Every structure is written in C-alpha cells, then in structure tokens.
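In: Please find the sequence and the predicted model below.
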Amino acid sequence: MAASLFDLSGKIALVSGASRGIGEAIAKLLAEYGAHVIVSSRKEADCAAVAASIVEAGGKAEAFPCHVGRMEDITAIFEHIRGTHGRLDICVNNAATNPYFGHILDTDLGAYNKTVEVNIRGYFFMSIEAGKIMREHGGGAIVNTASINAVQPGPMQAIYSITKAAVVNMTKAFAKECAPLGIRCNAILPGLTKTKFAGALFEHDDIYKAAMEKIPMGRHAEPEEMAGTVLYLVSNASSYTNGECILVDGGITL
C-alpha cells in the first residue's frame, strides 16, 4: 500500500531545466518510480544525455529541448506532447535563470527582462499549456521550483528573489482555479543547494559562511534531496495537497 502511493507507472511527466542539478535529480527519481519523463532544457545534447542515463538505468525517458523564455519553444514542446503522447500527467517547472548578481540599484533592463521572461512568464505559460492538456484528461499535478529567496530575498539577488516570490503566488493562483478541474499545483522552495546554478553563492566565502551559520542542519543540500519532495507532490501520496509551497531548506528560514 505504501509503495503504491508513490507509483507513477503509466504517467507522462515533463521536467524543465532537467539537464543538470535539481531538475536532473527530479527527472531521474520520477522515472525510477515509473513515469515516462520528457527531459527538457535549452540544449538538446544535455537533455539527451540525461534521458539516455535514465533509459540505461531501466527507466523511460525522451529528450526535447525547450527554452522556457521563448514562447515558440513552449508551443513546440506542447505540440510534441499532444502529438506523441496525447496526455500529460505531471509538469515540473524547474528551469530558471539568475543572470545578475549584484546590488539592486545596478540591475539593468536586460537582466531584468531575461529573469522575468524565464522565471515568471515561462512558468506561467508552461503551466497554462500543461493545464489545458490535463483538463482534457481529468487532471494532473504541476510543481514549481521556487526558492527560499521568495520569502527571504537573497543577498545580491534582488530580481531573482522577486521573480521567485511571484512563483509562490502563481502557484496558489493556479491551485485555486484549477483544483475543480482535477489539477493540483504546489511548489518547493529549495534552500542552499550545491548546483552549478548556485555557483556564485558557493564562490563567495562570506555569503556561504553566513548561510552555514543560519542553517540548523549545518550543511548545504545536494540536488537529490529536493527530488523526494517533488515525488510526493506529483504522486497519490499528496492527493489532498494543493497550493502548498514547501520549504526544503535545512531550517534556514526558521
């Protein structure tokens, strides 16, 4: 009974930003529990490498590149999903960008636009297109990767933090309006996690040390430690969980 709560056999899952880091860990875990995973990110070769590793491990996966900051890419991937699978059960919006690291007053328009296009517009329209397919087939689960920066703005990461706060409210908006359609929407808010994406934080000793002093567990997270929460949120184990934004941060926000 316990194992069946997390069984994703027969489910079609789309994971964006899945070529490395947290997204890769999520894609591999969902496949391990039976989902057919569409591995998506900007670069086709990187997506293909992750999909191949899943298949080699006995799972089901395919690669389809998609830059969520480009509307034409979003259109293309959902046309592929409709044409190839005819359904979508799980959508994990994990792709994100953080091109600017510096004082808020020095943020330029280019960095602002790029961050908003990917982290807000991308998540919004990925969720809309996923939701439309899910609505046609009785429901599904959407999970957004936000950040602890949504509740505590990160140092030198103002616009990124602002967009992640938007993701939290976006999650709740989709959860409220889509629940009657059988579509649940939730989010995870990762804390300091060892990924290439978060490299700037690990390269600045003063910021890293300050974070370590605030984390009750006394260490940063590994990408795989985020994936279990996503598995819960897309499985039957969380069938009555909707609109939740779960902190996975070792206690740093306490």
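Out: Ah, there it is. Numbers count the residues shown, from 1 in each chain.
In: Provide a list of residues in contact with Ala111.
Out: Ala111 sits next to 99-100, 159 when contact means C-beta atoms under 8 Å, 6 or more residues apart in numbering. The C-beta positions use only the backbone N, C-alpha and C, and glycine is treated the same way.
In: With secondary structure, pLDDT and neighbour count as new columns, can these be given to me in CSV?
Out: Shown next, in CSV, are the contacts of Ala111 (DSSP: H, G, I helix; E, B strand; the rest coil; pLDDT from 0 to 100; neighbours: other C-beta atoms under 10 Å):
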residue, secondary structure, pLDDT, neighbour count
Pro99, coil, 93, 14
Tyr100, coil, 93, 20
Ile159, helix, 97, 21
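In: As a markdown table, these with distance to Lys176 would be great.
Out: What follows is the contacts of Ala111, written out as a markdown table (distance: C-beta to C-beta, whole Å):
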| residue | distance to Lys176 |
| --- | --- |
| Pro99 | 31 |
| Tyr100 | 32 |
| Ile159 | 26 |
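In: Would you mind measuring from Ala61 to Ala48?
Out: 10 Å (C-beta to C-beta, to the nearest Å).
In: who's more crowded, those two?
Out: Ala61 (26 against 17; other C-beta atoms under 10 Å).
In: Correct me if wrong: the more buried one contacts Val39.
Out: Yes - using C-beta atoms under 8 Å as the test, Ala61 is close enough to Val39 to be in contact (5.6 Å).
In: Find residues that contact each of these two.
Out: With C-beta under 8 Å, 6+ apart, Ala61 and Val39 have common neighbours 27, 50-51, 54.
In: what's the helix or strand for Arg184?
Out: strand 183-190 (DSSP states H and E).
In: so the nearest residue to Val55 once chain neighbours are set aside is in which element?
Out: Nearest residue to Val55, sequence neighbours excluded (C-beta to C-beta, 6 or more residues apart in numbering): Ala61, at 5.8 Å. Assigned by DSSP H and E, Ala61 belongs to strand 60-63.
In: helices and strands around that strand, which ones?
Out: In terms of contacts (3 or more C-beta pairs under 8 Å, 6 or more residues apart in numbering; DSSP states H and E), strand 60-63 is packed against helix 21-32, strand 36-39, helix 44-56.
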